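Visitor: structure, please.
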Amino acid sequence: MLIVAAALFAIAALGGLAMAHFHFRKDRNPPGWLAALHGVGGGAALLLLMWVVAFSGRIGLVGWALALFVLTALGGFYLVSFHLRKRRLPGPGIVAHALMAMVAFGLLLAGILGG
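Guide: Predicted coordinates for the structure are as follows:
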């Protein structure tokens with residue numbers, strides 16, 4: 001199940017890269033449908049990771065990844081608030097969201113590979 005969660009996070013990351021492209025290269029917010037797909041994919045992965053941690057008792061690196069992914073999701077909700085208000089997303093917020101997600105994903109992979 002951890003592999004499935006990691007795969008879902010990786011797919012959500014591809015959507016995040018596409019959205020960053022819209023923001024930083026095309027000088028506009030990404031389309032709402034892409035933001036929604038990114039959020040649904042990341043949310044599904046987060047829920048699956050929560051379930052695995054809760055029922056497997058794994059806390060080490062996977063637990064740290066979960067904690068950081070929760071913070072990342074909160075940052076994502078902050079960014080969604082700009083979409084809903086039809087305001088341009090803040091570049092530093094996008095970068096912080098992406099960096100947190102990358103660190104969390106690295107921790108998740110290290111937890112999976114480390115057993």
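Visitor: contact partners for Leu107?
Guide: 61-62, 64-65, 68 (Cβ atoms under 8 Å, 6 or more residues apart in numbering). (C-beta placed from N, C-alpha, C; glycine too.)
Visitor: list the buried ones in stretch 103-115?
Guide: By neighbour count on 16 or more other Cβ atoms under 10 Å, the buried set for stretch 103-115 is 104-105, 107-109, 111-112.
Visitor: now that stretch: how far from the chain's centre is it?
Guide: Distance of stretch 103-115 from its chain centroid, counting by Cα atoms, centre = their mean, to the nearest Å, is 14 Å.
Visitor: so for stretch 33-49, mean pLDDT?
Guide: Stretch 33-49 shows a mean pLDDT of 97.
Visitor: stretch 3-17 now?
Guide: Rounded mean pLDDT across stretch 3-17 is 97.
Visitor: mind saving the C-alpha coords of the host helix or strand of Ala5 as PDB?
Guide: Assigned by DSSP states H and E, Ala5 belongs to helix 2-24. This file holds the C-alpha atoms of helix 2-24, laid out as PDB (Å, rounded to 0.1, in the frame of the first residue of the first chain):
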ATOM      1  CA  LEU A   2       2.900   2.300   0.600                       C
ATOM      2  CA  ILE A   3       4.000   1.900  -3.000                       C
ATOM      3  CA  VAL A   4       0.500   2.800  -4.200                       C
ATOM      4  CA  ALA A   5       0.600   5.900  -2.000                       C
ATOM      5  CA  ALA A   6       4.000   6.800  -3.400                       C
ATOM      6  CA  ALA A   7       2.700   6.300  -6.900                       C
ATOM      7  CA  LEU A   8      -0.300   8.600  -6.300                       C
ATOM      8  CA  PHE A   9       2.000  11.200  -4.800                       C
ATOM      9  CA  ALA A  10       4.200  11.000  -7.900                       C
ATOM     10  CA  ILE A  11       1.200  11.400 -10.200                       C
ATOM     11  CA  ALA A  12       0.100  14.400  -8.200                       C
ATOM     12  CA  ALA A  13       3.600  15.800  -8.400                       C
ATOM     13  CA  LEU A  14       3.400  15.800 -12.200                       C
ATOM     14  CA  GLY A  15       0.200  17.900 -12.000                       C
ATOM     15  CA  GLY A  16       2.100  20.200  -9.600                       C
ATOM     16  CA  LEU A  17       4.900  20.600 -12.100                       C
ATOM     17  CA  ALA A  18       2.400  21.500 -14.800                       C
ATOM     18  CA  MET A  19       0.700  24.000 -12.600                       C
ATOM     19  CA  ALA A  20       4.100  25.600 -11.700                       C
ATOM     20  CA  HIS A  21       4.700  25.900 -15.500                       C
ATOM     21  CA  PHE A  22       1.500  27.800 -15.900                       C
ATOM     22  CA  HIS A  23       2.400  30.100 -13.000                       C
ATOM     23  CA  PHE A  24       6.100  30.800 -13.700                       C
END
